[in-house]
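Colleague: generate coordinates for the sequence data below:
(one chain, ligands or ions: 2)
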Amino acid sequence: MPGTTTTTDFAARMVNGRKTYGKDDMVVHALDGIDVEIPRGKFTAVMGPSGSGKSTLLHTLAGLDVLTSGSSFIDDIELSALAERDITKVRRDNIGFIFQSFNLIPSLTGEENIRLPQDIARRSVDQEWFDSVIDVLGLRDRLDHLPAELSGGQQQRVAVARALVARPKIIFADEPSGNLDSRSGGELLNFLRRAVKEFGQTIVMVTHDPTAASYADSVLFLADGKIVDRIDKPTADSVLERMKSLGE
Ligand SMILES: Nc1ncnc2c1ncn2[C@@H]1O[C@H](COP(=O)(O)OP(=O)(O)OP(=O)(O)O)[C@@H](O)[C@H]1O
Ligand SMILES: [Mg+2]
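Modeller: Numbers count the residues shown, from 1 in each chain. Ligands and ions are numbered 1, 2, ... in the order given. Alright, predicted model coming up:
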């Protein structure tokens, strides 16, 4: 129906999400009542001071960690209602990850690492898509190298290729440009933005960097486990301004 919003307009969402660590007087409310909707086919950045809950939000949205209470959804699948085994399957079939630490397997070549999630899921890789990802990321002559034979930026690009080649419904990235020099970081962010604009990829990215956040379609601001603000069509200046007002 025109004008009606269905849940599937969102690649992921959370309803009154809470995550508590520790107990008694040591209790930490890492997420303190989060309501958020991640629009499909958009690039969403998550910002906030250290300890504000950014990684916890990413991990609970992605089913890498479970909420203490509340619900999280990938598409219209409620992760919080599933057993661990089923969550693993949802993750494998729908979600890509890019972590700061890359998580590459040291004994596998670049190409083997990139294909690994598809191989594990016994799915074939679309060769045309594989080729375009590899060429755009400039990895063609690095496919036969082991991670230890690659620079930090190249390892990061292998991790990005691994996430993109699987064409997941949603990619979660925690500080993906954090370890890169500004040129490689800018190239990576440009590529992520292209994946969103040209291929309709959905991406959620945690970052500390206002310039990195400006590549996104919108920025969510976290403080003390709550979403306190949001900017659409961010610029580095508007993000910086908002961070100052939030006291980062
Ligand atoms: N496994 C854990 N056990 C206990 N406390 C935790 C655990 N993981 C996170 N926390 C706490 O939850 C809060 C949120 O942590 P989180 O890692 O989500 O913050 P963040 O915004 O990602 O910070 P940073 O920018 O430093 O990465 C912090 O107070 C942190 O100490
Ligand atoms: Mg973090």
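
Colleague: contacts, neighbours, all on C-alpha from now
Modeller: Will do.

Colleague: next, residue 239: secondary structure please.
Modeller: helix (DSSP: H, G, I helix; E, B strand; the rest coil).

Colleague: now residue 45
Modeller: Per three-state DSSP, residue 45 ends up strand.

Colleague: quick check, it in contact with residue 202.
Modeller: No. In this structure, residue 45 is not within contact of residue 202 by Cα atoms under 8 Å, at 11.2 Å.

Colleague: now for residue 245, how many residues are close by?
Modeller: Neighbourhood size, residue 245 [other Cα atoms under 10 Å]: 9.

Colleague: and it, how far is that from residue 31?
Modeller: 21 Å (Cα to Cα, to the nearest Å).

Colleague: helices of the chain, residue ranges please.
Modeller: Secondary structure of the chain (DSSP state H): helices at 54-61, 84-94, 110-120, 127-136, 152-165, 182-199, 210-213, 236-245.

Colleague: lowest average pLDDT across those?
Modeller: Among those, helix 182-199 has the lowest mean pLDDT, at a mean of 85.

Colleague: ok, and what's touching that one?
Modeller: 41-43, 136-137, 153, 157, 177-178, 201-203, 212, 215-216 (Cα atoms under 8 Å, 6 or more residues apart in numbering).

Colleague: nearest residue to residue 125 in space, please, no chain neighbours.
Modeller: Residue nearest to residue 125 in three dimensions, not counting chain neighbours: residue 118, with 6.7 Å by Cα to Cα, 6 or more residues apart in numbering.

Colleague: all good on my end, thank you.
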